[in-house]
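Trainee: heads up, no residue letters with this:
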């Protein structure tokens with residue numbers, strides 16, 4: 001029997017959609033489930049999402065939104081200043097509300113231990129991507145959690161033998177991409193379909209073992225399962241390069 005590897009994109013506090021997604025996937029205890037980060041912010045139930053992932057001991061990466069939370073709350077001091085306001089503006093207010101304005105230290109310590117990437121041999125998981133012209137050892141959370149256009153405009157794969165799977169950049173922000181579709185480029189696949197965004201509201205999980213995509217819609221409460229080849233669109237790197245220019 002082949003056990004599945006399931007990769008889940010940015011949840012952003014949409015706990016109900018996550019539960020519907022997990023019900024459709026129905027992973028066994030022996031199957032691996034990975035989250036690409038950005039469990040929190042923007043959606044209404046960040047606290048419940050974090051608790052769910054922690055309770056089930058699913059592996060999760062550090063996303064830029066977890067990083068922002070740690071920058072303002074990870075030091076144990078009362079948050080003030082521009083960093084705090086920036087996090088609130090980026091969706092942190094809904095996270096605080098979901099925690100009744102008191103985030104347990106257990107959750108903060110858990111986030112501090114989240115890895116920046118996971119190397120699974122044939123696939124390489126990271127929240128945002130990599131800086132194409134830098135070796136891995138010279139990169140940090142700045143690249144792994146935040147990079148966009150430099151990564152998506154690569155004309156050659158970063159790894160010769162690994163597919164990079166990311167979240168972070170909502171797929172419909174690429175030219176000509178319909179909400180809910182995935183996008184791929186030179187050695188990478190982006191599965192963030194914008195669970196929090198009213199233009200999409202699709203939360204995506206990828207069964208990389210069987211080439212299947214599961215999606216739950218946070219607004220319409222729909223769930224669907226599609227072959228990966230039917231829902232992914234290759235991106236011409238020159239389009240992203242032109243966008244950067």
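Mentor: Right, received. Where do you want to start? For clarity, every value in this text was computed on a predicted model and none was experimentally measured.
Trainee: Now do the end-to-end distance for stretch 125-134.
Mentor: Using CA to CA, to the nearest Å, the end-to-end distance of stretch 125-134 comes to 17 Å.
Trainee: avg pLDDT for it?
Mentor: For stretch 125-134, the mean pLDDT works out to 98.
Trainee: And the contacts of that stretch?
Mentor: Residues outside stretch 125-134 that contact it (CB atoms under 8 Å, 6 or more residues apart in numbering): 7, 34, 36-38, 61-64, 116-118, 136, 139, 143-148, 150-152, 154, 158, 164-169, 188. Where you see a C-beta, it was placed from the backbone N, CA and C, and this is true even at glycine.
Trainee: Residue 237 contacts residue 151, doesn't it?
Mentor: No: under the criterion of CB atoms under 8 Å, residue 237 makes no contact with residue 151, lying 10.2 Å away.
Trainee: So which of these two has more stuff around it?
Mentor: Between residue 237 and residue 151, residue 151 has the larger neighbour count (other CB atoms under 10 Å), namely 24 against 15.
Trainee: host element of the more buried one?
Mentor: helix 149-152 (DSSP states H and E).
Trainee: And residue 239, by the same measure?
Mentor: helix 237-244.
Trainee: buried subset of the contacts of stretch 125-134?
Mentor: Buried members of the contacts of stretch 125-134, scored by 16 or more other CB atoms under 10 Å, are 7, 34, 36-38, 61-64, 116-118, 139, 143-148, 150-152, 154, 158, 164-169, 188.
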